[in-house]
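S.K.: Give me a model of this one.
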Amino acid sequence: MNAAPVQKSEGVAEGSGTRPLIEAEDLTVEFDRQTVLRDITVSIDRGQTVAIIGESGCGKTVFMKTLVGLIAPSNGRILFDGQTLRNMSHEQLTAVRRRFGFVFQNAALFDSMSVFDNVAFPLRQNEVVPESEVTRRVMQHIAEVGLPKDVTRKRPAELSGGMRKRVGLARALILRPEVIVYDEPTTGLDPIMSDVINELILDTRRRYPVTSVVVTHDMHTARKVADRVLMFYPRMRLDDDESQVLFDGPPSDLEHAEDRRVRQFVRGEAGERLNELAHEMDY
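M.R.: As a prediction, the model looks like this:
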């Protein structure tokens, strides 16, 4: 499923509706000479839901941030809708980011604002619409995430973790994004509330023509919501000739993946990782 090399001038959209919406070509990201991502080449089609899994330190969050230009590649490039991010002006990049909605790991709500004002915030900042339209859209999305109307008067501190996550999703939807990025959407939730969030992710995809990127450790989430799963592996524990993407395929194939490291991660088995940790401690 890796993207083939794209023959085009950088930064010029082809205008084809058939090309992937998001493309990473030979993407490498380094910090202080430490390579976090190396030679990643993947593409994400319009309307697809992709789960990115892998243990801590494998580069999932870094990859997510490069998709919207928050981190610049050390090598390679990211294309969105056929345009190379690094060639964009600040204004163009800002416009691209408005096409994304973000559901943050801890919701990242403004504590000093009511739920209503939190959900309305992106709309008020980015569009000139009458307050009646703001109210209509806020209440629409609050209802879509299964929250009662009176929750809009509350502050985030008065809400449970699951309710805050749902408010975060309502806020992400307010600008009608083309892409929604979920950062560990079920972290810190009990199994029932985790499945509520999974159902909301599925319901959002049914309601809107969105492309979704779900960064998660939760295998139940990956299996339930994703059309496709990418598994990253920490660069420092790979041989030079190994790809950092150990798995790229449908979630139904995870359990029987050829690479034992994929099977061990999916099953939650320490495997040879215990031996690796013991070896590291010897040093």
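S.K.: only C-alpha atoms for contact and neighbour calcs from this point on.
M.R.: Fine.
S.K.: Buried residues, the helix or strand encompassing residue 136. List them.
M.R.: Assigned by DSSP states H and E, residue 136 falls within helix 131-144. Of all the residues in helix 131-144, those buried under the rule 16 or more other C-alpha atoms under 10 Å are 134, 137, 138, 139, 141, 142, 144.
S.K.: repeat for stretch 240-255
M.R.: Residues of stretch 240-255 classed as buried by neighbour count (16+ other C-alpha under 10 Å): 243, 244, 245, 246, 247, 248, 250, 251, 254.
S.K.: Could you pull up the mean pLDDT of that stretch?
M.R.: When pLDDT is averaged over stretch 240-255, the result is 93.
S.K.: go on, stretch 184-198?
M.R.: 92.
S.K.: State the pLDDT value of the residue lying closest to residue 209 once chain neighbours are set aside.
M.R.: The shortest distance from residue 209 to any residue other than its chain neighbours is 6.1 Å, reached at residue 47 (C-alpha to C-alpha, 6 or more residues apart in numbering). If you check residue 47, the pLDDT there is 94.
S.K.: okay, now residue 47: neighbour count?
M.R.: The number of residues packed around residue 47, counting by other C-alpha atoms under 10 Å, is 17.
S.K.: cool, and the one 5 residues further on?
M.R.: Taking other C-alpha under 10 Å as the criterion, the count of residues near residue 52 is 27.
S.K.: sorry, back to before: quick one: mean pLDDT for the helix holding residue 136?
M.R.: Averaging the model's pLDDT scores along helix 131-144 yields 95.
S.K.: Contacts for it next, please.
M.R.: Residues from elsewhere that reach helix 131-144 (C-alpha atoms under 8 Å, 6 or more residues apart in numbering): 116, 119, 120, 123, 124, 148, 149, 167, 170, 171, 173, 174.
S.K.: farthest pair in these?
M.R.: Taking C-alpha to C-alpha, the two most distant members of these are 124 and 148; they sit 22.2 Å apart.
S.K.: If you count surrounding residues, which of these two has more?
M.R.: Higher neighbour count among residue 124 and residue 148: residue 124, with 15 against 11, using other C-alpha under 10 Å.
S.K.: my read is the more buried one is in a helix, agree?
M.R.: Yes: counting by DSSP: H, G, I helix; E, B strand; the rest coil, residue 124 is located in a helix.
S.K.: That one and residue 240: what is the separation?
M.R.: Distance of residue 124 to residue 240, computed by C-alpha to C-alpha, to the nearest Å: 49 Å.
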